[in-house]
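**Q** after the sequence you'll find the predicted model.
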Amino acid sequence: MEDSDDGPSLPTKQNEEFRPFIRRLPEFKFWHSATKGILVAMVCTFFEAFNVPVFWPILVMYFIMLFCITMKRQIKHMIKYRYIPFTHGKRTYKGKEDAGKTFAS
């Protein structure tokens, strides 16, 4: 039995739990790479050759482009399963008008 979906599947055993996003990068490797990147960036600030003026709208567009490229898979997964991360609380459903009244007045 092969799944055509590349995403995670529902739990098949009792001790498993459903994980909508599976990590593909171990946490230590992430922190190691992030620390190296920050250190390289700090060293680059000491050299005048890396002091290049940047027009801020270009920087904003670059950030948006990088965000869209890196989040493409997660956004497709969220659209496919209709996951909306920004909800404003539990949905309430209206019943009959007199359902909440306990005493007749």
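**A** Sure, I can see it.
**Q** what does stretch 50-69 contact?
**A** 44, 75 (CB atoms under 8 Å, 6 or more residues apart in numbering). For every residue, glycine as well, the C-beta is placed using N, CA and C.
**Q** repeat that with 6 Å
**A** Residues outside stretch 50-69 that contact it (CB atoms under 6 Å, 6 or more residues apart in numbering) are residue 44.
**Q** span of stretch 45-53 from start to end?
**A** End-to-end span of stretch 45-53 (CA to CA, to the nearest Å): 13 Å.
**Q** buried residues in it, which are they?
**A** Residues of stretch 45-53 classed as buried: none (neighbour count, 16 or more other CB atoms under 10 Å).
**Q** tell me the mean pLDDT for that stretch?
**A** Averaged over stretch 45-53, pLDDT sits at 92.
**Q** now stretch 74-85: buried residues?
**A** Those would be residue 77, for stretch 74-85 by 16+ other CB under 10 Å.
**Q** using PDB, write down the CA coordinates of it.
**A** Presented in PDB, the C-alpha positions along stretch 74-85 are these (Å, rounded to 0.1, in the frame of the first residue of the first chain):
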ATOM      1  CA  GLN A  74       4.300  24.600   4.000                       C
ATOM      2  CA  ILE A  75       1.900  27.000   2.400                       C
ATOM      3  CA  LYS A  76       0.800  24.400  -0.200                       C
ATOM      4  CA  HIS A  77       0.300  21.900   2.700                       C
ATOM      5  CA  MET A  78      -1.800  24.500   4.600                       C
ATOM      6  CA  ILE A  79      -3.900  25.300   1.500                       C
ATOM      7  CA  LYS A  80      -4.500  21.600   0.700                       C
ATOM      8  CA  TYR A  81      -5.700  20.700   4.200                       C
ATOM      9  CA  ARG A  82      -7.500  24.100   4.700                       C
ATOM     10  CA  TYR A  83      -5.400  25.000   7.800                       C
ATOM     11  CA  ILE A  84      -5.900  28.600   8.900                       C
ATOM     12  CA  PRO A  85      -3.400  29.500  11.600                       C
END
